[in-house]
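Undergrad: please find the sequence and the predicted model below.
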Amino acid sequence: MMLRRFEIYSIADRAPRADVDHLVRATRDCARFIPEVLHCAVGWNRADNPLHFVWEQAFASPADYQRYMEHPFHANLLDRFLMADSAERVTRNNGIGAGLLGYACDTAEYYQPRGGARRVVALRLADGVDAAFATIAGQAWRAGAMTLSVFRENTFGPRWFDGETWVGPAPVCTHVWEQGFASVDAALADEAPWRAAAAPLVEDSIEVVYAIEAGYGYA
Amino acid sequence: MDHAPIRIVDTIEVPPDRQPELLALIEETIVPVLRDAGVELVSCLSTSTALGEPVLVQATWGVPDHAAWNRIRKTLFLDPRWHAMWERVAGLRTGGTRRFFYPVEQGAGT
């Protein structure tokens, strides 16, 4: 079982540029230091909302994810710029609840070649509408603008240690819909007509659109 | 390099007149919250407040290893007291760092 994961942040207004650049390097090239991190890439959100920075990655197994969580690079470098107890934190709380998203998958069906772009939609769906939303997502995929589409339950957040074992609490976003595009221009040009059909099923949602900036080892 | 045990060194810069407030916050709030989560206070030191320059308060914490720290992080992240206390620290400090230190073999650098 593979794990697909997104961290999505708001950057603090007064964050020093050099520290933000350091965060970008530490996340984008994380696989240089933690080889269990796969398909590591970052991006800057082009959608009009308070989310700024996206870090996407994957893991071949829950055991690999656990090694990432317990790796010294994680505590030393990543948490330095992300956690509330660090004086060098460059992110800020945004109250949105979409900071950590992800899902389990059998293969790297999320993979997008270098040069591509992504829209990631964080969703809080009403109870019992998964299948109806999946139908809408499938129709949008077949309409042709996307290069890939993966709609799944958001299983991250409450599975801190290995991405598999529930330790709670329940995440704010119940589902994630990851979409691929050939370029960020194509992503921004996509008017996403699925939104109107999906609206009755969605209690809340927010999305990020970004060009994929591939990191160390991305292939 | 052996990454255990860990000493986590928080260096917090504050104006001299805010140092007592920070020390009280560490003693009365931060130490109990971290102790509840399994973190031991190793030492708390300060530079002088009489030098006409910002003061550095250095708190050193001990945890067994990075697996334990990951469990502790999870406990702290879900504790509202942890978020509130670091927000108070952020209101006091003008700079600082957190660094992780590990044992080295004596004489290894000679």
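TA: Received the coordinates, thanks.
Undergrad: which stretches of chain B have low pLDDT?
TA: Per-residue confidence for chain B (pLDDT under 70) gives these ranges: B:109-110.
Undergrad: near chain A, which residues of it?
TA: When proximity is defined as CB under 8 Å from any CB of the partner chain, chain B approaches chain A at B:3, B:10-13, B:66-67, B:69-71, B:73-74, B:76, B:78, B:82-83, B:86-87, B:93, B:95-100. For every residue, glycine as well, the C-beta is placed using N, CA and C.
Undergrad: packing partners for the helix or strand where residue B:9 lies?
TA: Per DSSP states H and E, residue B:9 falls inside strand B:6-14. Taking 3 or more CB pairs under 8 Å, 6 or more residues apart in numbering or on different chains; DSSP states H and E as contact, the helices and strands that strand B:6-14 lies on are helix B:19-25, strand B:55-63, helix B:66-77, helix B:80-92, strand B:95-101.
Undergrad: go through the first one and flag the buried ones.
TA: The reference is to helix B:19-25. Applying a neighbour-count criterion of 16 or more other CB atoms under 10 Å in any protein chain shown, one finds B:19, B:22, B:23, B:25 buried in helix B:19-25.
Undergrad: so what's the gap between it and the chain middle?
TA: Computed by CA atoms, centre = their mean, to the nearest Å, the separation of helix B:19-25 from the middle of its chain amounts to 13 Å.
Undergrad: restricting to C-alpha, output it in PDB.
TA: Output of helix B:19-25 as PDB, limited to C-alpha atoms (Å, rounded to 0.1, in the frame of the first residue of the first chain):
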ATOM      1  CA  GLN B  19      13.200  38.200  30.700                       C
ATOM      2  CA  PRO B  20      11.400  37.700  34.000                       C
ATOM      3  CA  GLU B  21       8.100  37.100  32.200                       C
ATOM      4  CA  LEU B  22       9.700  34.600  29.900                       C
ATOM      5  CA  LEU B  23      11.300  32.700  32.800                       C
ATOM      6  CA  ALA B  24       8.000  32.600  34.700                       C
ATOM      7  CA  LEU B  25       6.300  31.300  31.600                       C
END
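Undergrad: packing partners for that helix?
TA: Under the contact rule (3+ CB pairs under 8 Å, 6+ apart), helix B:19-25 is packed against strand B:6-14, strand B:40-46, strand B:55-63, helix B:80-92.
Undergrad: got a pLDDT number for whatever residue of chain A ends up closest to chain B?
TA: When distances are taken as CB to the nearest CB, chain A approaches chain B most closely through residue A:87, which lies 3.2 Å from it. What the model reports as pLDDT for residue A:87 is 97.
Undergrad: that older thread, can you list contacts of the strand holding residue B:9?
TA: A:85, A:87, B:21-22, B:39, B:42, B:54-66, B:69, B:89, B:92-102 (CB atoms under 8 Å, 6 or more residues apart in numbering or on different chains).
Undergrad: just the buried residues of those residues.
TA: For the contacts of strand B:6-14, a neighbour count by 16+ other CB under 10 Å gives the buried set as A:85, A:87, B:22, B:39, B:54-57, B:59-61, B:63, B:66, B:69, B:89, B:92-93, B:96, B:98, B:100.
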